[in-house]
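Novice: A structural model of the following input is requested.
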Amino acid sequence: MATARRTPPPPPRHFAAGLSAALVATALLTGCTSAAATSAPPSAPPTSSSTAVAVRCHQLHPATLPRSAGSLTQADSGAFCLRVGQRVDVFLAAPEGAVQGTHWRAIGSSSPEVLAPVGTGVMTAPLGVTPGLFVARSPGASTLTSTCPDGTSWRVTLVVS
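Specialist: Residues are numbered from 1 along each chain as shown. Below is the predicted model of the structure:
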């Protein structure tokens, strides 16, 4: 007499559903972990070839304009982090108590190959505000600067990785 091969019964439905949920959760957690690792600012950012000392950088303030990584104002100083391809908005308001019509001079980048100005398009800045939009082109560091007619100066370094 031939014996029929017996196949094991399928696992209960709740087992398959639990396994699927566990696999999805693992995939999501892995994705979140790698995304968080790539979006965190570097603790020891690269420096430009002309700079031998590493500069610690801070996270940018939330962006004012769409498609920007963050914003800076005349109240900011120090070094901020940016990644290649990201854009930063700069809005310098005239000093408090300044004569009407006073404004900051155009914002300049010390290394346009690292941080280049981009056109503002059709954006019209409020009265007394000097805007600047910059895009990170390559790793390194660039200093943005501007001055007011009264001699007040503004300076921020962007560390691009």
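Novice: could you use CA atoms for every contact and neighbour count after this?
Specialist: Will do.
Novice: how much space separates P112 from S138?
Specialist: Relative to S138, P112 is positioned 9 Å away (CA to CA, to the nearest Å).
Novice: what's the answer for S111, then?
Specialist: Distance, S111 to S138, using CA to CA: 10 Å.
Novice: now swap in V156 and tell me
Specialist: V156 is 17 Å from S138, by CA to CA.
Novice: ok, F80 next?
Specialist: 15 Å.
Novice: where does this structure have low pLDDT?
Specialist: 1-55, 120-122 (pLDDT under 70).
Novice: contacting residues for F80?
Specialist: Neighbouring residues of F80 by CA atoms under 8 Å, 6 or more residues apart in numbering: 56-60, 156-159.
Novice: next secondary structure after the helix or strand it falls within?
Specialist: F80 belongs to strand 78-82 when assigned by DSSP states H and E. Next helix or strand after strand 78-82 toward the C-terminus (DSSP H and E): strand 87-93.
Novice: same for that following strand, what does it pack against?
Specialist: strand 70-73, strand 129-136 (3 or more CA pairs under 8 Å, 6 or more residues apart in numbering; DSSP states H and E).
Novice: touching the first one from outside, list them.
Specialist: Translated: strand 70-73. 60-64, 87-93.
Novice: now do the longest one
Specialist: Defining contact as CA under 8 Å, 6+ apart, one finds that strand 129-136 is touched by 82-94, 103-107, 114-120, 125, 160.
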